[in-house]
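S.K.: Provided below are the primary sequence and the corresponding predicted coordinates.
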Amino acid sequence: MLRGLREAADLTREEQALVLQKAQDGKWFDPENLKRWETERRLPVPRWHQLLADGYGRPVEEIVRAVAASRRRRRLERRAAGDEGEEGTAVNRRKFLGAAGLATGSVALPGIAEARRGIDVGLSGSDAGDLAYLNEAFERHRSGYQGRPPSAVLARMRDDLNLLREVLGRPHPADARAALARTTAGITGLVAIIQHDRGDQRDSHGWFTTAARAARESGDRHMLAWVLARHAMVPLNYGAPDAAAALAGRARVEAGRTSTAAAALAAAVSARALAAAGDHKAALRAVADARGIAENLDTAQSADTWFGYPRQKHHVHLSQAFTLMGRTLEAYTEQEASLALSRSQSVMTRALLAMDTATCLQADGDSTAAADMAVDVWQRLPEAYRGGLVQSRAEALHHALSGAARTRLGEVLAGR
């Protein structure tokens, strides 16, 4: 039942977990709990019943009935396996189907469920397990760093990438190939993001190019828009704003007029790129577009994943856009809003926001305070994060400083 409700709402497990997290006032909810419940390896104990009712929009009595039906099935199957052998198990399973139907309000004919499963196996072929696993891997990895350094996340993806390469080399029916291409676009796009954050620009470009090719093959324009918008952040963050604006513009065309996470991201990245290129009037129009789209995103599109556009990320993007335009009062407001929504484990996000604040202090004429903040952030930063994007932002500030403030920050960045 839980899986059916989630899929009907077009949510991943990670996104459904965020819905439940919001329902319990932001307290962390582990997506692995959902996986255990959906596969019935575990059943939710009574303390979870009201939360599930709230998170899925169902009466709590329905949750209780479904849990009871699952518990009865497990008892019947254990009894059949121990006392009656395979034939008894089949009989009791049929009895359970009737009982479960009565408990949940729908009656299934005996043998129908088993017939469907057999047909599915015949249709899906030997690759079904690998394809399902890769789709779950994509869902698992898209949740972001979760407090882990980029290199650690990339290391965990290595085996999945090898499997993906192998599966892509096999023949597939057209619909399965399209779904696999979309999964490929997502997974390779995630690798590209990590390489971007680590500072490996060339490899990041390569992975984004692969992701865009896969997205085009899948026919999913929203996936392609997301890949292009994310790709634009590579030249944006490493000194090529015109190239970034061109990529972000292509992303906006692919995203169309629908309010999606990809459309909001494309508008926000456009604002940053245009601001960096000096076209502040166009940047402000893009800021207004990003705000308008963000206001109309549904729960799934605003989920806090690499494929969602949550309010916290929205404020991060606008902080950088206003910082690049020298509009420090608006930038400070965005920084405060983002920090209020950031979890303590968001190490990189907090460091980047602090570097934006330091840059605003420098723009306001307080070079000493700017250097002090940047030095403090850098010295507190774990070694695994001292590179890539954070280093690039710190070096940009270093070049903008002068005198003793510039010298002090330069010495810290050089490790002296």
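M.R.: Noted; the coordinates are in hand.

S.K.: what residues are up against residue 301?
M.R.: 259-261, 264, 308-309 (Cβ atoms under 8 Å, 6 or more residues apart in numbering). To be clear about C-beta, it is placed using only N, CA and C from the backbone, and glycine gets the same treatment.

S.K.: Report the two of those separated the most.
M.R.: Using Cβ to Cβ, the two most remote members of these are 259 and 308, lying 12.8 Å apart.

S.K.: the more surrounded of those two?
M.R.: Using other Cβ atoms under 10 Å as the criterion, residue 259 and residue 308 rank with residue 308 on top: 25 against 16.

S.K.: hang on, the earlier thing: now render the contacts of residue 301 as a markdown table, adding pLDDT and secondary structure.
M.R.: Converted to a markdown table, these look like this (pLDDT from 0 to 100; DSSP: H, G, I helix; E, B strand; the rest coil):
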| residue | pLDDT | secondary structure |
| --- | --- | --- |
| 259 | 92 | coil |
| 260 | 94 | coil |
| 261 | 94 | helix |
| 264 | 96 | helix |
| 308 | 90 | coil |
| 309 | 93 | coil |
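
S.K.: Go through those and name the one nearest residue 321.
M.R.: Using Cβ to Cβ, the contacts of residue 301 come closest to residue 321 at residue 264, 13.2 Å.

S.K.: quick one: contacts for that closest one?
M.R.: 290, 293-294, 297, 301, 309, 314.

S.K.: measure the nearest residue to residue 308 once chain neighbours are set aside to residue 15 for me?
M.R.: Spatially, and ignoring its direct neighbours in sequence, residue 308 is nearest to residue 261 (5.1 Å; Cβ to Cβ, 6 or more residues apart in numbering). Here residue 261 is placed at a distance of 11 Å from residue 15 (Cβ to Cβ, to the nearest Å).

S.K.: joint contacts of these two?
M.R.: In contact with both residue 261 and residue 15: 303, 308, using Cβ under 8 Å, 6+ apart.

S.K.: between those two, which one's more packed in?
M.R.: Using other Cβ under 10 Å, the more surrounded residue of residue 261 and residue 15 is residue 261, with 27 against 24.

S.K.: Tell me who's in contact with the more buried one.
M.R.: Here residue 261 is in contact with 226, 297, 301-303, 307-309 (criterion: Cβ under 8 Å, 6+ apart).

S.K.: can you put those residues in TSV and add secondary structure and distance to residue 338?
M.R.: Putting those into TSV (DSSP: H, G, I helix; E, B strand; the rest coil; distance: Cβ to Cβ, whole Å) gives the following:
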residue	secondary structure	distance to residue 338
226	helix	21
297	coil	17
301	coil	18
302	coil	14
303	coil	17
307	coil	19
308	coil	15
309	coil	13
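
S.K.: Many thanks, we can stop here.
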